[in-house]
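Visitor: Sequence plus the predicted model coming up.
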Amino acid sequence: MISETQKQKPRFRLHPVAILNSQRLRRSLMDTYDQKSFYKYIIGIILLLLSIGSLFYTDKLVEELEQREEREVQLYAEGMRYVFNSPFDENFNVVFQVIQDAVNFYQIPVIYVNENNIPNPNKNIEFPANAGPAEKERIIQDKLADMKLEHPPIPVDLGRGRTGNIYYSNSFLLTQLRYYPFLQLSVMLLIGYLAYLAFSSARKAEQNRVWVGLAKETAHQLGTPLSSLMAWVEYFRSDPTIDPSIAEEIEKDVIRLEMITTRFSNIGSVPTLKEEPVTEIVTNFISYLEKRVSSKVKFSVFNELADEQTALINKNLFEWVIENVCKNAVDAMGGIGEINVTLQAPPNTKEIWIDIADTGKGMSKANMNKIFNPGFSTKKRGWGLGLTLAKRIIENYHSGKLFVKSSEIGKGTTFRISLNANIIE
Ligand SMILES: Nc1ncnc2c1ncn2[C@@H]1O[C@H](COP(=O)(O)OP(=O)(O)O)[C@@H](O)[C@H]1O
Ligand SMILES: [Mg+2]
């Protein structure tokens with residue numbers, strides 16, 4: 001049994017300057033995050049403005065080109081009228097050439113339909129190389145139907161009350177130009193997306209290096225004083241004039257420090273995963289934690305897993321995750337309330353769910369999106385690193401998932417750890 005006095009060990013107090021510095025560092029961590037999303041918005045807005053500008057500009061070009069093409073067709077119609085009305089003109093051929101050149105230059109497809117509804121002649125209509133007269137006829141009828149929807153016909157006065165009509169459609173160039181901005185926009189978005197992927201994966205790789213390096217270094221630096229402390233404990237033990245309970249208490253703390261060092265060194269190397277019994281690990285660790293937090297927090301474990309259910313786990317790191325989540329739960333309840341841990345393996349999934357539910361103050365939807373960001377904390381002395389680390393441990397090292405399953409202000413929060421189950425034969 002641990003007595004009340006032992007439980008209330010003197011709390012380690014940070015020097016006020018250290019507190020100030022830690023808050024400053026935390027704030028700067030958060031600032032980097034806010035800045036990043038700020039830049040994202042700015043770049044997004046610039047891209048949007050560019051695309052809108054490009055759309056408007058091409059639209060103007062399209063409109064202008066459309067008017068120009070219409071004028072060319074009108075000129076063609078005018079030429080036709082001239083040719084039909086003065087068949088013996090000596091300039092006949094020249095005029096005909098000129099009017100044909102106009103539509104040819106812009107590659108505008110035109111079909112002349114005479115007063116008897118016969119579509120002939122046509123210009124700039126493409127036929128397959130081996131098309132027979134029947135197929136050509138069909139193609140012309142199809143085109144004509146399309147053209148009738150596209151532009152109103154331009155009438156050609158043939159004199160003596162007869163009129164023909166010229167139907168036309170936009171040139172290929174104009175059609176291309178019309179769709180160009182959309183093509184441009186898609187290419188721009190695609191490039192933007194690829195660039196984002198490249199940058200964010202580079203950033204993640206860099207973050208990883210920082211984490212891993214820092215953890216390795218910490219473990220390394222803690223190693224030396226720890227072995228020295230161990231030697232001191234042995235020394236105290238061998239001295240009969242020193243109360244043996246002192247050595248015992250110091251040893252407990254040294255063991256605890258060793259555990260922390262192992263965690264850091266595990267983070268700093270590729271951690272080895274072992275097939276571990278999930279229920280046993282969780283239950284044991286919860287009872288270990290229970291003794292170390294306020295007695296006003298009631299822990300319960302509801303186990304629905306088979307005892308032999310295993311998962312690939314790095315015990316040390318996994319326990320760290322449980323500890324982080326539970327400590328946050330205790331904080332959220334102000335040290336009074338219940339923590340319910342449920343273990344289950346839902347059928348038809350190859351997953352094991354470990355739900356950790358508290359009766360704490362819950363969190364807002366807005367905060368729910370931020371709690372896994374490094375440096376996000378709502379606590380006066382929080383570093384906002386616990387959940388970031390926990391998520392990395394579960395997702396990067398265990399290929400599992402860690403997320404907020406549900407949270408309600410004033411009611412409580414449930415975190416879910418999902419691990420890959422080892423299938424029981
Ligand atoms: N169980 C919980 N209930 C309510 N809020 C929580 C809970 N767990 C985490 N949070 C919120 O997430 C934030 C980040 O948690 P964490 O990364 O562990 O950092 P820290 O504990 O240092 O604040 C906390 O400050 C808190 O606002
Ligand atoms: Mg925390």
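Guide: Nice, I can see it. Residues are numbered from 1 along each chain as shown. Ligands and ions are numbered 1, 2, ... in the order given.
Visitor: What count of nearby residues applies to Gly268?
Guide: Neighbour count of Gly268, defined by other C-beta atoms under 10 Å: 18. All C-beta spots, glycine's among them, are computed from the backbone N, C-alpha and C.
Visitor: now swap in Ile46 and tell me
Guide: For Ile46, the neighbour count with other C-beta under 10 Å is 10.
Visitor: before we move on, what about Glu115?
Guide: Neighbour count of Glu115, defined by other C-beta under 10 Å: 13.
Visitor: secondary structure class for Thr241?
Guide: Following DSSP: H, G, I helix; E, B strand; the rest coil, the label given to Thr241 is coil.
Visitor: Over to Glu126?
Guide: coil.
Visitor: quick one, phi/psi of it?
Guide: Phi and psi for Glu126, reported as degrees, to the nearest 10, are phi -90, psi 130.
Visitor: Please tell me how far it sits from Lys136.
Guide: Going from Glu126 to Lys136 by C-beta to C-beta, to the nearest Å gives 11 Å.
Visitor: Return the nearest residue of this structure with respect to ligand 2.
Guide: Closest residue of the chain to ligand 2, C-beta to the ion: Gly386 (3.0 Å).
Visitor: That residue: how many residues sit nearby?
Guide: Gly386, neighbours per other C-beta under 10 Å, totals 19.
Visitor: who's the closest residue in space to Phe302 that isn't next to it in sequence bridged to?
Guide: With C-beta to C-beta, 6 or more residues apart in numbering as the criterion, Phe302 has its nearest non-adjacent residue at 4.6 Å, and that residue is Thr342. Assessed by DSSP bridges, Thr342 has beta-bridge partners Phe302, Asp355.
Visitor: How about the contacts made by Thr342?
Guide: Val301, Phe302, Glu304, Trp353, Ile354, Asp355, Ala357 (C-beta atoms under 8 Å, 6 or more residues apart in numbering).
Visitor: Please list only the buried members of those residues.
Guide: Among these, those buried by neighbour count (16 or more other C-beta atoms under 10 Å) are Val301, Trp353, Ile354, Asp355, Ala357.
Visitor: quick revisit: with neighbour numbers in mind, choose between Glu126 and Lys136.
Guide: Lys136 (14 against 10).
Visitor: Do I have it right that the more buried one meets Pro128?
Guide: No - using C-beta atoms under 8 Å, Lys136 is not in contact with Pro128; the gap is 9.1 Å.
Visitor: And for Leu65, the neighbour number?
Guide: 17.
Visitor: isn't there a helix covering it?
Guide: Yes - secondary structure assignment places Leu65 in a helix (three-state DSSP).
Visitor: If we ignore the residues flanking it in sequence, what's nearest it?
Guide: Leu174 (5.2 Å).
Visitor: other SSEs contacting the helix or strand in which that neighbour is found?
Guide: For Leu174, the element it lies in under DSSP states H and E is helix 172-238. Other elements packing on helix 172-238 under the criterion 3 or more C-beta pairs under 8 Å, 6 or more residues apart in numbering; DSSP states H and E are helix 16-85, helix 244-268.
Visitor: Okay, now the unreliable bits of the chain?
Guide: Across the chain, the ranges flagged by pLDDT under 70 are 1-36, 87-92, 424-425.
Visitor: Now do the domain split for it, please.
Guide: 50-170, 198-252, 272-422 (automatic domain parsing).
Visitor: So which of those domains is nearest ligand 1?
Guide: For ligand 1, the closest of these is domain 272-422, at 2.8 Å, according to C-beta to the nearest ligand atom.
Visitor: Endpoint to endpoint, that closest one covers what distance?
Guide: End-to-end distance of domain 272-422 (C-alpha to C-alpha, to the nearest Å): 16 Å.
Visitor: what separates that domain from the chain centre, distance-wise?
Guide: In terms of C-alpha atoms, centre = their mean, to the nearest Å, the centre of domain 272-422 is found 24 Å from the chain centre.
Visitor: so, in contact with ligand 1 or not, that domain?
Guide: Yes - Domain 272-422 is in contact with ligand 1 by C-beta under 6 Å from any ligand atom, via 324, 328-329, 332, 358, 360-363, 367, 371, 376-379, 382-388, 413.
Visitor: Keeping just the C-alphas, turn the host helix or strand of Tyr288 into PDB.
Guide: Element membership for Tyr288, per DSSP H and E: helix 278-290. Coordinates of each C-alpha in helix 278-290 appear next as PDB, following Å, rounded to 0.1, in the frame of the first residue of the first chain:
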ATOM      1  CA  VAL A 278      -3.200  -6.700 -25.300                       C
ATOM      2  CA  THR A 279      -5.500  -7.100 -22.400                       C
ATOM      3  CA  GLU A 280      -2.600  -7.900 -20.000                       C
ATOM      4  CA  ILE A 281      -0.600  -4.900 -21.100                       C
ATOM      5  CA  VAL A 282      -3.400  -2.500 -20.800                       C
ATOM      6  CA  THR A 283      -4.800  -3.800 -17.500                       C
ATOM      7  CA  ASN A 284      -1.400  -3.900 -15.900                       C
ATOM      8  CA  PHE A 285      -0.500  -0.500 -17.000                       C
ATOM      9  CA  ILE A 286      -3.800   1.000 -16.000                       C
ATOM     10  CA  SER A 287      -3.400  -0.300 -12.500                       C
ATOM     11  CA  TYR A 288       0.200   1.000 -12.500                       C
ATOM     12  CA  LEU A 289      -1.200   4.500 -13.500                       C
ATOM     13  CA  GLU A 290      -4.100   4.300 -11.000                       C
END
